[in-house]
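Undergrad: Structure for the following, please:
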Amino acid sequence: MKKSRLKEIIREEIQNVLSEMPVYNVTDKEGFNKAYKEFKDNEVSKSKSLNTILDKLKDTGEVDTKELASQVGKDSATFNNPEIRKFINRKSDQTYTDKKTGEELVDFTPYLDVKSSRKPKPEGEKSTTPKSTKKSTSSKRGPKPGKTSGMDAEDKEAIKAGEKDPIAKAAASTPEEKKEKFNLGLKFIKKYKDDKPKIDAYLKKAKEEYKLSKSMLDDLKRAAGRDVG
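TA: The predicted structure is shown next:
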């Protein structure tokens, strides 16, 4: 496989993950407004995409990032990248500090309800997207791999970081059905991470029934906090 095609496949896989775009709703207006003032007064981040989301949340209390990307004609990753998520969709055990001051960055997550704009497929359901039997032409292709036109510097760096994700690279050469099982496995492990018997049973099923690759099984083990031999 040509290197350019491999990059294109990896980028497509990243976009598939990013297509599950979040919908943000303000649940604590007073807390959000206080954090918003601190964020703006200290010019915490110059990311245009992040500031656009925060401004809309301040004005309307809700933002569907998938609709927002469509409205402004931007790539979906523009409004769903690591730089944005560390401010408004941070995991409970994550903290981020300002590189200049060493102080913890403003976290809007406690004041927001975050949902996905795409409903997950039932377990075992195969993708219904037909595979093309014709070679794609340059006129029908989307943006070239790595193209980040219209994004600011911080958003471009976020996309580059995503393209180096080893999970995305492994997924590029994996059948669609196994990708679905792998993604469902990650969600299952996240939900039952502290339930050892359930995790053990799922890992055994993933190996013996789903026949997931060793790299996928290792990634599931890492997600569950297990040692990988």
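Undergrad: hey, where'd the strands end up in the protein?
TA: 22-26, 62-64, 112-116 (DSSP state E).
Undergrad: For the protein, name the helix or strand with the lowest mean pLDDT.
TA: Ranking every helix and strand in the chain by mean pLDDT, DSSP states H and E puts helix 166-171 at the bottom, with a mean of 52.
Undergrad: Please produce JSON lines containing the strands of the chain, extended by mean neighbour count, mean pLDDT and distance to D194.
TA: Using the backbone N, CA and C atoms, a C-beta is placed for each residue, glycine as well. Shown next, in JSON lines, are the strands of the chain (neighbours: other Cβ atoms under 10 Å; pLDDT from 0 to 100; distance: least, Cβ to Cβ, whole Å):
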{"stretch": "strand 22-26", "mean neighbour count": "20", "mean pLDDT": "91", "distance to D194": "25"}
{"stretch": "strand 62-64", "mean neighbour count": "18", "mean pLDDT": "91", "distance to D194": "32"}
{"stretch": "strand 112-116", "mean neighbour count": "14", "mean pLDDT": "85", "distance to D194": "21"}
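Undergrad: need those in TSV with distance to V44, can you?
TA: As requested, the strands of the chain are exported to TSV (distance: least, Cβ to Cβ, whole Å):
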stretch	distance to V44
strand 22-26	17
strand 62-64	18
strand 112-116	16
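Undergrad: Of those, which is nearest G225?
TA: strand 112-116 (23.3 Å; Cβ to Cβ).
Undergrad: The closest one vs strand 22-26, what angle?
TA: Interaxial angle, strand 112-116 versus strand 22-26 (axes from the mean of the first three to the mean of the last three Cα atoms, to 10 degrees): 160 degrees.
Undergrad: send the alpha carbons of strand 112-116 over as CSV?
TA: Output of strand 112-116 as CSV, limited to C-alpha atoms (Å, rounded to 0.1, in the frame of the first residue of the first chain):
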residue,chain,number,x,y,z
LEU,A,112,-21.7,21.4,31.3
ASP,A,113,-23.7,18.3,30.3
VAL,A,114,-22.0,16.6,27.4
LYS,A,115,-23.8,14.2,25.0
SER,A,116,-23.0,12.7,21.6
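Undergrad: Can you list the neighbours in contact with that strand?
TA: Under the contact criterion Cβ atoms under 8 Å, 6 or more residues apart in numbering, strand 112-116 has outside partners 20-27, 32, 57, 88-89.
Undergrad: Each with direction, which strands does it pair with?
TA: strand 22-26 (antiparallel) (DSSP bridges).
Undergrad: Just the CA atoms of the strand it pairs with, as PDB, please.
TA: The C-alpha coordinates for strand 22-26 follow below in PDB (Å, rounded to 0.1, in the frame of the first residue of the first chain):
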ATOM      1  CA  PRO A  22     -20.500  16.300  21.300                       C
ATOM      2  CA  VAL A  23     -23.500  18.500  22.200                       C
ATOM      3  CA  TYR A  24     -22.800  20.800  25.100                       C
ATOM      4  CA  ASN A  25     -25.400  22.200  27.500                       C
ATOM      5  CA  VAL A  26     -24.800  24.600  30.300                       C
END
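Undergrad: Domain boundaries for this protein, per the record?
TA: If you go by automatic domain parsing, the domain ranges for the chain are 3-116, 175-229.
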